[in-house]
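Peer 1: Got a predicted structure here, sequence first:
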Amino acid sequence: MMMRKAQGWIIGAGMTGLAASHVSGAAALEAAERPGGICRSYVVPSAAGGYRFEIGGGHWVFGGDTILNCFLARFGEWRSYRRKSAVYFPGEGTLVPCPLQYHLAALGPKLAAQCVAEMRRERRGTPRTMAAWIEQRFGPTLTRIFFGPFHELYTAGLWTAIAPQDTYKTPLNMEDIVRGAGGGPVVGGGYNGTFLYPAAGLDAFVDALGSRASVETRAQVKRIDTDRRRLELADGRVMGYEWLLATVPLDDVARMAGIGLDVEPDPSTAVLVANLGGRRGPKCPSQHWIYVPRSRSGFHRVGFYSNVDARFLPVEAADRVSVYVERSFRRGRRPSDAETAKYTADVGQELCEWGFLETIEASSANWVETAYTWTTPGSQWREAVIGRLNESGIFTAGRYGNWRFQGIAESLREGLLAGAMLRENGGSR
Ligand SMILES: Cc1cc2nc3c(=O)[nH]c(=O)nc-3n(C[C@H](O)[C@H](O)[C@H](O)COP(=O)(O)OP(=O)(O)OC[C@H]3O[C@@H](n4cnc5c(N)ncnc54)[C@H](O)[C@@H]3O)c2cc1C
């Protein structure tokens, strides 16, 4: 058994790991054949030509500031888009622009007035769960109509047990709510009003960043021996380390490092992404994505790649549409291949019934085991695990390493910062 010289390593070459490697010079060990994590594109052939899809559904970069945007521009051209999203009520076939609470006029004057009155009510106490927070914030009517059933699907039923999270995503400006309920213009926006996407596609950005990072693909870390500061890889290699930057899910790092706590890890949910391409249906929305409170197949969001960028379509196929559909599952409840194939076909049929698609020409599905991370009320698990890892020279970064909601921009920022700091102090505490 050959052991490499001790040094710093990054575990995972998604956005966080690539950014950290680029700035620190340390190698990122990546289990997959290519870097980028779920931020990768692929093409599915069809009689009409190739449909371009992404592993994790459309990945639009929101939340970039001027400095980050300058960094991104070093890796190619980016295009900016003004977000177009809506809530879709399948029973009625109605599309209401997001944020829903700012466009209540679409629900009719009686319902709109009721929702406004409920949101005006005095709020008492601090809700412990996401469900209680939603009901307190939006009132029983909007919760019943949309926020409740949507969050039931989005969190795979966990919303009544987990702590409130990402509260900035749902703004509540009473002036906008009242104006919108009367059909007036809305001044405030949502949390991601504009977003960027690489002109040459997400793969081009990942490859450009990867070419300026040091990445070892097919290098899956199996175990971390914290006593001897050694990493064991699936291919049998053993490497010493002075420090590690783990960007893989925190519960996986804890398991690899043999850190057992008395408490259960906080929950996470998986997502099954169904990608579909075909002839555009007569009722296909022009939005970039829509949220649905109910669907026969159980999905909660439908995105339209080709409403952002026509290059997701086969060449010269303007009458086609390229779609991604997300459905959440509890961790460890992965459907079999046969169930996934049936589900994907069912989704296609449902979207055809909704008039979004006329025919399906290409389809494929991807499983993302750790897609969303959650916290149970009062849990100290995250802090306790990160503290124990830090004692062994293992640092964490990114959406999954730090177990908190964030997009690509924030993951890149964290990777850059962690990489720069580790380069400066060599990981010593
Ligand atoms: C359904 C969905 C939709 C999203 N949409 C958007 C969006 O529109 N815009 C946006 O900005 N963000 C979006 N995000 C968030 C975005 O995907 C993340 O912020 C980003 O991908 C996180 O990158 P990361 O490098 O931290 O993690 P990851 O991309 O998960 O990187 C971790 C890497 O570690 C590797 N790995 C795992 N285990 C091991 C091991 N044992 N050894 C070695 N390597 C290992 C993995 O293969 C992976 O490449 C979305 C996320 C999901 C789930």
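Peer 2: Yep, it's here.
Peer 1: do you know how far residue 408 is from residue 18?
Peer 2: 11 Å (CB to CB, to the nearest Å). Backbone N, C-alpha and C define where each C-beta goes, glycine included.
Peer 1: more crowded one of the two?
Peer 2: Counted by other CB atoms under 10 Å, residue 408 and residue 18 do not tie: residue 18 has more neighbours, with 34 against 26.
Peer 1: For the more buried one, which residues are in contact?
Peer 2: 28, 35-36, 206, 209-210, 213, 215, 415 (CB atoms under 8 Å, 6 or more residues apart in numbering).
Peer 1: So among the residues you listed, which ones count as buried?
Peer 2: Burial by neighbour count, judged by 16 or more other CB atoms under 10 Å, picks out 28, 35-36, 206, 209-210, 213, 215, 415 from those.
Peer 1: Could you export those to TSV, including columns for pLDDT?
Peer 2: Shown next, in TSV, are the buried ones among the contacts of residue 18 (pLDDT from 0 to 100):
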residue	pLDDT
28	98
35	97
36	97
206	97
209	98
210	97
213	97
215	98
415	97
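Peer 1: Going by distance to residue 291, which of these wins?
Peer 2: Of all the buried ones among the contacts of residue 18, residue 291 sits closest to residue 36, with 26.1 Å by CB to CB.
Peer 1: The closest one in helix, strand or coil?
Peer 2: At residue 36 the chain is in coil, as set by DSSP: H, G, I helix; E, B strand; the rest coil.
Peer 1: returning to that earlier point: secondary structure and distance to the ligand for the buried ones among the contacts of residue 18 - can I get that in CSV?
Peer 2: Conversion of the buried ones among the contacts of residue 18 to CSV gives the following (DSSP: H, G, I helix; E, B strand; the rest coil; distance: CB to the nearest ligand atom, whole Å):
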residue, secondary structure, distance to the ligand
28, strand, 8
35, coil, 6
36, coil, 6
206, helix, 10
209, helix, 11
210, helix, 11
213, coil, 12
215, strand, 10
415, helix, 7
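Peer 1: would a markdown table of these with distance to residue 367 be doable?
Peer 2: Below are those laid out as a markdown table (distance: CB to CB, whole Å):
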| residue | distance to residue 367 |
| --- | --- |
| 28 | 23 |
| 35 | 19 |
| 36 | 16 |
| 206 | 20 |
| 209 | 25 |
| 210 | 23 |
| 213 | 26 |
| 215 | 23 |
| 415 | 24 |
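Peer 1: Quick check: residue 248 touching residue 16?
Peer 2: No: using CB atoms under 8 Å, residue 248 is not in contact with residue 16; the gap is 9.6 Å.
Peer 1: For this protein, what lies in contact range of the ligand?
Peer 2: By CB under 6 Å from any ligand atom, the residues of the chain that approach the ligand are 11-17, 29-32, 37-39, 56-62, 220-221, 247-248, 271, 326, 368, 371, 398-400, 406-408, 411.
Peer 1: Can you turn the buried part of those into a PyMOL selection?
Peer 2: To isolate the buried subset of the residues of the chain next to the ligand in PyMOL, counting by 16+ other CB under 10 Å, use the following:
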select buried, resi 11+12+13+14+15+16+17+29+30+31+32+37+38+39+56+57+58+59+60+61+62+221+247+248+271+326+368+371+398+399+400+406+407+408+411
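Peer 1: how does the chain divide up, domain by domain?
Peer 2: Split into domains by automatic domain parsing, the chain comes to 3-35+213-263+379-425, 41-83+268-373, 99-189.
Peer 1: With respect to those domains, which exhibits the lowest mean confidence?
Peer 2: With a mean of 88, domain 99-189 has the lowest mean pLDDT of the domains of the chain.
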